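Asker: Coordinates for the following, if possible.
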Amino acid sequence: MKGRQRTRQLAVAIYKLTSASPLASDFGLRDQLRRAAVSVCRNIAEVDTRQGAREIIQFFCIAKGSLAEVSTPLDVARKVFPGTATAISPLLLDCDEIPAMLQSLINHRRE
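Answerer: Have a look, this model is predicted:
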């Protein structure tokens, strides 16, 4: 699934960003970003273990919520640490595009 690959790439990019930038020293922000990014991946992986459409939709919705938990602190970090804007902007774009992919999967399951 393309969405799964993008969410894993996002999580890896967040780990790299928070390891090598000013975010590395902001432990709260760093840890929140990492936890939320991995949560997105975990919830999408959980879909593979579910049979019912209702459960599958629930995990996709939780993944969308976790993406919001990624985008909000990323946006704050971009403003607090202006030197990170170039690295953060593509990640914010992912946070805007991935939920649409997940919504498409949700809509498909509801049919």
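Asker: Where does pLDDT dip in this structure?
Answerer: Applying pLDDT under 70 to the chain flags the ranges 1.
Asker: In it, where's the longest helix?
Answerer: Criterion DSSP state H: the longest helix present in the chain is helix 53-80.
Asker: Can you name the next helix or strand after that helix?
Answerer: helix 85-110 (DSSP states H and E).
Asker: In that next one, which residues are buried?
Answerer: Buried residues in helix 85-110, counted by 16 or more other Cβ atoms under 10 Å: Ala87, Ile88, Leu91, Asp94, Cys95, Ile98, Pro99, Met101, Leu102, Leu105, Ile106. All C-beta atoms are positioned from the backbone trio N, CA, C, and that covers glycine.
Asker: surely the second one meets Arg78?
Answerer: So that's Ile88. Yes - using Cβ atoms under 8 Å, Ile88 is in contact with Arg78, at 4.4 Å.
Asker: contacting residues for the residue most central in space within the chain?
Answerer: Centroid check for the chain by Cα atoms, centre = their mean gives Leu67 as the closest residue, at 3.8 Å. The contact partners of Leu67, by Cβ atoms under 8 Å, 6 or more residues apart in numbering, come to Ala36, Val40, Cys95, Ile98, Pro99, Leu102.
Asker: So the nearest residue to the third one once chain neighbours are set aside versus Ala13, what's the distance?
Answerer: Pointing back at Cys95 there. Excluding the flanking residues, the one nearest Cys95 by Cβ to Cβ, 6 or more residues apart in numbering is Ser71, at 3.7 Å. Counting by Cβ to Cβ, to the nearest Å, the gap from Ser71 to Ala13 is 13 Å.
Asker: now swap in Leu74 and tell me
Answerer: From Leu74 across to Ala13, the span is 10 Å (Cβ to Cβ).
Asker: list residues touching both of the two?
Answerer: With Cβ under 8 Å, 6+ apart, Leu74 and Ala13 have common neighbours Leu91.
Asker: thinking again about what came up before, ok, so of the contacts of Leu67, who is nearest Arg50?
Answerer: Leu102 (14.7 Å; Cβ to Cβ).
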